[in-house]
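**Student:** Sharing a sequence plus its predicted fold:
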Amino acid sequence: MTTHQRVRGPLSAAVARLCAEVRPRVGQRAATGLGEVLDRLSAPLQLAVVGRIKSGKSTLVNALIGRRVAPTDVGECTKLVTRFQYGTVDRIEVVLLDGNKYSLPFTAEGAIPTDLGVRPERVSHVEAYLTNAVLRDLTVIDTPGLGSLDDDSVARTEAVLGNGGQEGADSERLDPVSHAAVAGAEAVLHVITRSVRADDRQALSTFKAATGSRPSGPVNALGVLNKADAIDPDSVSGGAGEPWTAARALAVEQERQLKPRVAEVLPLIGLLAETSESGEFTSSDAEALHRLAALDGATRETMLISADLFTEWECEVPADTRARLLELLDLHGVRCALEEIDADPHITAGRLRSRLHEASGLSALLSRINSVFRGRADGIKAAAGLASVAAVAQSCADPTERARLHAALEGLLTQPQAHQLRLLEALTMISSGAVTLPPDLLDEVLRLGGSEDFSERLGMPGSPVERLTEFALERAKWWRSFASLGATPAQSRVAHVVHRAYFLIWRQLR
Ligand SMILES: Nc1nc2c(ncn2[C@@H]2O[C@H](COP(=O)(O)OP(=O)(O)OP(=O)(O)O)[C@@H](O)[C@H]2O)c(=O)[nH]1
Ligand SMILES: [Mg+2]
């Protein structure tokens, strides 16, 4: 049964207790909903990778899992949601809209076949169970490209990610809306490329599509500026003629545009990350690169001008070997590898692979995923769980039952230890645009909700406790007077929460 499953962290545990306590006192439907919330609270964090068509979502999914398992660059784009979760044996399960499931073998290369053996219209989504350790505390969800889909696929995607209707629902299941809120992804990697387009921004604000009723924000969303290798450094101000510097400058610019809907935007060369993480890069690839490095300078330069020249120019390395290198690394990756070989002609294949990994930017992304998502999984999951309970309450036909659920929610939120959830809720209101604050106050609230560490939350890392205590009290007072004097009603709600957050910090520091 669900209730004995492990719930990770005090906030999730508090929400789990709430569900377990109220469940016997509500009707069958709401009880089923609360059961789903409970299941969800003990499951790994659900991280969806979303973005425009062909932005490199599946490539990034493979890099994260460390295996080329999601089909990439399939002539046809990804049409279905695939959830990659931990399992004790590798297996693929195709879930049909009528609720039936069947399993499917991996391709010879160990990937999910693009042909699922049934008409795509009949499929709800694909569950892939893998033994990879990363998936123990993170379920990774690959999604179809935004803007790529016909209405039918949109409806399916939303149903799985949590924003739409659910076909084949029997009477004991939740109604579509609450199912959506319960099933939605809890965190998001938003993959963008070169420029943030209007529809990227729109996608972020309607990111509800991926997270049920919970919009993305600084607490649960990171942006990834992918294909950093394809950025022309001369086209970016501050690019300094160097691709990675240009990518960083562009990421900062995009972050400015997208904040506070994402915590941060990080540049990435997803292809290099995938190749170096998935074990696709072999010693014969390294050997081919050594042979290319040994070519005379003029030939090498010419070949590196374009992909066509790289594969078609006369040279002793066979054309199909070069085509493979291009597929694994693209031109920029090949260039990086050749420079590494120039610097150390005896570099081993393993070392070359790890240099490519370093060049991909994946380490920085993983470390942010750890601090933003894994580190805060408890708060993220608990906030998602609360939103789900609220959605279950909302969909109750019986007013007494609804009131009981609301009372339980309120009861939980007034406990001091649950205040962090109020703060997360306030951040969500801000990031969804429901509340606006002047930039300095916005930064302050983001900081306050952005960490577990008191000195970081107060923006004074390394300061002595006395100074922190004093500052927390000062800001608590300020926010209280802002709440009653200077603020709009919506700002005032947020200000009360911020005031209390400072007050609680002050009390604990003291
Ligand atoms: N040069 C370069 N190519 C990349 C990078 N990331 C992905 N690609 C390539 O871009 C193409 C599309 O990648 P996918 O991962 O299939 O993109 P997707 O977003 O999953 O595409 P859809 O599912 O069709 O929307 C593939 O050929 C990838 O190899 C990158 O960082 N650099
Ligand atoms: Mg894809």
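**Tutor:** Arrived safely. Ligands and ions are numbered 1, 2, ... in the order given.

**Student:** alpha carbons only for contacts and neighbour counts from here, please
**Tutor:** Fine.

**Student:** For the stretch 1-150 of the chain, what lies in contact range of ligand 1?
**Tutor:** 53-59, 72-73, 77-78, 144-145 (CA under 6 Å from any ligand atom).

**Student:** Name the nearest of those residues relative to residue 337.
**Tutor:** residue 59 (19.9 Å; CA to CA).

**Student:** Could you check how many residues crowd around the closest one?
**Tutor:** 26 (other CA atoms under 10 Å).

**Student:** Assess the claim that it and residue 70 are in contact.
**Tutor:** Yes. Under the criterion of CA atoms under 8 Å, residue 59 makes contact with residue 70 at 7.4 Å.

**Student:** low pLDDT regions in the chain?
**Tutor:** Filtered on pLDDT under 70, the chain yields the residue ranges 1-7, 74-78, 146-183, 195-216, 432.

**Student:** per-domain residue ranges of it.
**Tutor:** As recorded under automatic domain parsing, the domains making up the chain are 2-268+362-374, 279-360, 416-509.

**Student:** Which among these is found nearest to residue 401?
**Tutor:** domain 2-268+362-374 (5.9 Å).

**Student:** and that closest one, how far from the chain's centre?
**Tutor:** 6 Å (CA atoms, centre = their mean, to the nearest Å).

**Student:** show me what contacts residue 307?
**Tutor:** For residue 307, the contacting residues are 326, 330-331, by CA atoms under 8 Å, 6 or more residues apart in numbering.

**Student:** run the last query once more with 7 Å
**Tutor:** Taking CA atoms under 7 Å, 6 or more residues apart in numbering, we find residue 307 in contact with residue 331.

**Student:** Use 18 as the first number from now on
**Tutor:** Let's use 18 as the start, then, which means that last one is residue 324.

**Student:** how much space between it and ligand 2?
**Tutor:** Noted for residue 324: a distance of 23 Å to ligand 2, by CA to the ion, to the nearest Å.

**Student:** Relative to residue 347, how far out is that residue?
**Tutor:** Residue 324 sits at a distance of 8 Å from residue 347 (criterion: CA to CA, to the nearest Å).

**Student:** which among the residues of the stretch 18-167 of the chain next to ligand 1 end up buried?
**Tutor:** 70-76, 89, 94-95, 161-162 (16 or more other CA atoms under 10 Å).

**Student:** Distance to residue 472 and secondary structure for those - can I get that in CSV?
**Tutor:** Converted to CSV, these look like this (distance: CA to CA, whole Å; DSSP: H, G, I helix; E, B strand; the rest coil):
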residue, distance to residue 472, secondary structure
70, 41, coil
71, 41, coil
72, 38, coil
73, 37, coil
74, 36, helix
75, 38, helix
76, 37, helix
89, 43, coil
94, 46, coil
95, 44, coil
161, 41, coil
162, 40, coil
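
**Student:** can you redo those as a markdown table with distance to residue 257?
**Tutor:** Listed next are those as a markdown table, based on distance: CA to CA, whole Å:
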| residue | distance to residue 257 |
| --- | --- |
| 70 | 30 |
| 71 | 28 |
| 72 | 25 |
| 73 | 26 |
| 74 | 28 |
| 75 | 31 |
| 76 | 28 |
| 89 | 32 |
| 94 | 35 |
| 95 | 36 |
| 161 | 35 |
| 162 | 32 |
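
**Student:** mind listing what residue 310 touches?
**Tutor:** Here residue 310 is in contact with 355, 358 (CA under 7 Å, 6+ apart).

**Student:** sorry, back to before: specify which member of the buried ones among the residues of the stretch 18-167 of the chain next to ligand 1 is nearest to residue 119.
**Tutor:** For these, the nearest to residue 119 is residue 95 (19.7 Å; CA to CA).

**Student:** How about the contacts made by residue 123?
**Tutor:** 129-130.

**Student:** What does it show for phi and psi?
**Tutor:** phi -70, psi 160 (degrees, to the nearest 10).

**Student:** With the one 4 residues further on instead?
**Tutor:** For residue 127, the backbone dihedrals (degrees, to the nearest 10) come out as phi 90, psi 20.

**Student:** since we're on it, how many residues are nearby?
**Tutor:** What residue 127 shows, counting by other CA under 10 Å, is a neighbour count of 13.

**Student:** which residue packs closest to it, ignoring adjacent ones?
**Tutor:** residue 86 (6.2 Å; CA to CA, 6 or more residues apart in numbering).

**Student:** Would you check that the one you found makes contact with residue 78?
**Tutor:** No. Contact criterion CA atoms under 7 Å: residue 86 and residue 78 do not qualify, at 8.5 Å.

**Student:** More neighbours: the two, which one.
**Tutor:** Neighbour count, other CA under 10 Å: between residue 86 and residue 78, residue 78 has more, with 26 against 23.

**Student:** residue ranges of the strands in the protein, please?
**Tutor:** 62-68, 99-103, 108-113, 118-121, 140-147, 155-159, 204-209, 238-242, 282-284 (DSSP state E).

**Student:** Nearest to residue 263, out of these?
**Tutor:** Of the strands of the chain, nearest to residue 263 by CA to CA is strand 282-284, at 9.7 Å.

**Student:** Each with direction, which strands does the closest one pair with?
**Tutor:** strand 238-242 (parallel) (DSSP bridges).

**Student:** Taking strand 62-68 as reference, get the angle to the partner strand.
**Tutor:** Interaxial angle of strand 238-242 relative to strand 62-68 (axes from the mean of the first three to the mean of the last three CA atoms, to 10 degrees): 40 degrees.

**Student:** List every C-alpha atom in strand 238-242, with coordinates, as PDB.
**Tutor:** This file holds the C-alpha atoms of strand 238-242, laid out as PDB (Å, rounded to 0.1, in the frame of the first residue of the first chain):
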ATOM      1  CA  ALA A 238      12.400  25.400 -13.700                       C
ATOM      2  CA  LEU A 239      15.800  25.800 -15.400                       C
ATOM      3  CA  GLY A 240      16.400  27.000 -18.900                       C
ATOM      4  CA  VAL A 241      18.900  25.300 -21.100                       C
ATOM      5  CA  LEU A 242      20.400  27.200 -24.000                       C
END
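
**Student:** for the residue of the stretch 118-267 of the chain found nearest ligand 2, phi and psi?
**Tutor:** In the stretch 118-267 of the chain, the residue that lies nearest ligand 2 is residue 161 (5.9 Å; CA to the ion). Phi and psi for residue 161, reported as degrees, to the nearest 10, are phi -70, psi 150.

**Student:** Isn't residue 358 up against residue 364?
**Tutor:** Yes. Applying CA under 7 Å, one finds residue 358 in contact with residue 364, separated by 6.3 Å.

**Student:** Those two: who's more crowded?
**Tutor:** More crowded of residue 358 and residue 364, by other CA under 10 Å: residue 358, with 20 against 15.

**Student:** can you pull the contacts of that one?
**Tutor:** 307, 310, 364.

**Student:** Of the residues you listed, which belong to helices?
**Tutor:** 307, 310 (DSSP state H).

**Student:** tally of neighbours for residue 426?
**Tutor:** The burial count for residue 426: 19, using other CA under 10 Å.

**Student:** isn't residue 253 right up against residue 263?
**Tutor:** Yes. Using CA under 7 Å, residue 253 makes contact with residue 263 at a distance of 5.9 Å.

**Student:** So for the two, which sits in the more crowded spot?
**Tutor:** residue 263 (24 against 18).

**Student:** With adjacent residues omitted, what lies nearest to residue 79?
**Tutor:** residue 85 (5.0 Å).
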